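S.K.: Quick one, fold the following:
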Amino acid sequence: MKRDYSNEEPMPTGGKRKVQLPALLEFIKVLLQQWHKGKQKYGHDLETFNGRNVFADAKQELADAWVYIIQAEMENKELRRRLYDKD
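M.R.: Below is the predicted model of the structure:
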């Protein structure tokens, strides 16, 4: 059976696992790790008016995140094809 991988998503149906709480807990974990990593690297917390262009920093981080999202999407599509489109 061929799957439709278009951008048109149907309304959600009953799923298997709830996502929000695990996502929140993972976010907190990663945020704390990044906070610690930044303190180790820079010797202090992130502060306002620190001489950097926060918009440029954020755009660069967002661009990196976008590339990782596309990579994950590509890998997911390939795995779904392997699982469901056995010809």
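
S.K.: all strands for the protein, in order.
M.R.: Applying DSSP state E to the chain gives no strands.

S.K.: which stretches of it have low pLDDT?
M.R.: Applying pLDDT under 70 to the chain picks out residues 1-5, 86-87.

S.K.: if I look at residue 48, how far off is residue 57?
M.R.: 13 Å (Cβ to Cβ, to the nearest Å). Heads up, the C-betas are built off the backbone N, CA and C, glycines and all.

S.K.: Of the two, which one has the most company?
M.R.: residue 57 (12 against 5; other Cβ atoms under 10 Å).

S.K.: Surely residue 38 touches residue 45?
M.R.: Yes: here residue 38 reaches residue 45: they are 7.2 Å apart, a contact under Cβ atoms under 8 Å.

S.K.: So these two - more neighbours on which side?
M.R.: residue 38 (13 against 8).

S.K.: And the nearest residue to the more buried one once chain neighbours are set aside, its phi and psi?
M.R.: Leaving aside its sequence neighbours, residue 38 sits nearest to residue 46 (Cβ to Cβ, 6 or more residues apart in numbering; 6.1 Å). Residue 46 adopts backbone torsions of phi -60, psi 130, taken as degrees, to the nearest 10.

S.K.: What about residue 46, how many residues nearby?
M.R.: Residue 46: 13 neighbours (other Cβ under 10 Å).

S.K.: Check residue 33 too.
M.R.: The burial count assigned to residue 33 is 10, neighbours taken as other Cβ under 10 Å.

S.K.: Kindly report the same for residue 49.
M.R.: The burial count for residue 49: 6, using other Cβ under 10 Å.

S.K.: Next one: residue 62 relative to residue 69, how far apart?
M.R.: Distance of residue 62 to residue 69, computed by Cβ to Cβ: 10 Å.

S.K.: whoops, I mixed them up, residue 26
M.R.: Distance, residue 26 to residue 69, using Cβ to Cβ: 16 Å.

S.K.: Same check on residue 11?
M.R.: 23 Å.
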